[in-house]
Structures are given as C-alpha cells and as structure tokens.
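>>> Dropping the sequence and predicted coords here.
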Amino acid sequence: MNVRTINAILGLLVAIHLLIPTPVAVGAPPQIGDASPAEKWVASLSPSNWKLPTWSSTDKPSKKKTAKPAQKSTANQISQSVGRGWQKTTAVMNPMNLFPSTSTAVKSEEDADSPGFFERWFTPPEEPKKIETINDFLRQPSPY
C-alpha cells in the first residue's frame, strides 16, 4: 500500500469517529443500544469494548495431578545413546567382517566352480569346438 491509500483510510476512520456521538462520562464504554449499523461497527472496533477470550482449561475444574513416572536423567540418556553408537561402530569395524574368505557365509556352487581372479587372468581361454556337422551347429547355445 502506498502513502496515499493509508492517508485516505485514516481520514475515513477519523471522519467516522467524529460523526459518532461520544458519551458524557469520561472513561465509560460507548453505548451500543439504539445506534445505527455504522455506529455499531465502529464502536465494536474500540478496544474498550473488546472482551478477553475464555480459556477452556480455566473453566474446567482442576484434576488431581498424578505423579509422573520417573524419567531417565539427561546424562543417562546421552550416555546410553553414545553407548549404542559405539556398539554399532564396533560391529561395522570388526576386522572379521572385512575379509569375506573368513566369514561364515556359505558359498554357492557357482562360486566354487568358477576360477579365481588370477586363475582367470593366467589360464588360456578354452578353444571352441570345431563344428563339423549340421547337428553340431544346431546344438550350440543360441546367442539370443
């Protein structure tokens, strides 16, 4: 909003305030009884007519407070979380888990039949069988 709009709104509010008759008693709230709708609307904006909100918790009768169960202290909670973190770290960094050859995992049959890393490098590849007949050709595995 620019300055002109704010000035126009303030001017209207001042004009409405001047048109509404003020009560004679000083400090008394304005009377809203037989006023016009505009006067009622403007009078409702006056802070002297505002009411405090009612809180539902203050209206109800107070309940007897029961003792809360004992909670662990902050230091105890911190030490337990640090301990759990350390246990997880030691489980991950366990040197027995770093070497798969010493692990208790059962090797599959395919792993037992396959040659090792260096064995695959230094053994010559198998020479393919020579195809001599049509039946030998048809017995080959399909590439698709």
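Perfect, I can see it now. Numbers count the residues shown, from 1 in each chain.

>>> neighbouring contacts of stretch 6-19?
For stretch 6-19, contacts defined as CB atoms under 8 Å, 6 or more residues apart in numbering pick out 38, 42. C-betas here are computed from N, CA, C, even on glycine.

>>> roughly how far out does that stretch sit from the chain middle?
Relative to its chain's centre, stretch 6-19 lies at 47 Å (CA atoms, centre = their mean, to the nearest Å).

>>> lowest-pLDDT helix or strand in the chain?
Between all helices and strands in the chain, the lowest mean by mean pLDDT, DSSP states H and E belongs to helix 56-59, at a mean of 61.

>>> Just the local confidence number for Asn135, please.
For Asn135, the pLDDT comes out at 92.

>>> In which helix or strand does it reside?
helix 134-138 (DSSP states H and E).

>>> Kindly export that helix (C-alpha atoms) in PDB.
What follows is helix 134-138, C-alpha atoms only, in PDB (Å, rounded to 0.1, in the frame of the first residue of the first chain):
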ATOM      1  CA  ILE A 134      24.900 -79.600 -39.000                       C
ATOM      2  CA  ASN A 135      23.800 -81.200 -35.800                       C
ATOM      3  CA  ASP A 136      26.900 -79.800 -34.000                       C
ATOM      4  CA  PHE A 137      25.900 -76.400 -35.300                       C
ATOM      5  CA  LEU A 138      22.300 -76.800 -34.100                       C
END
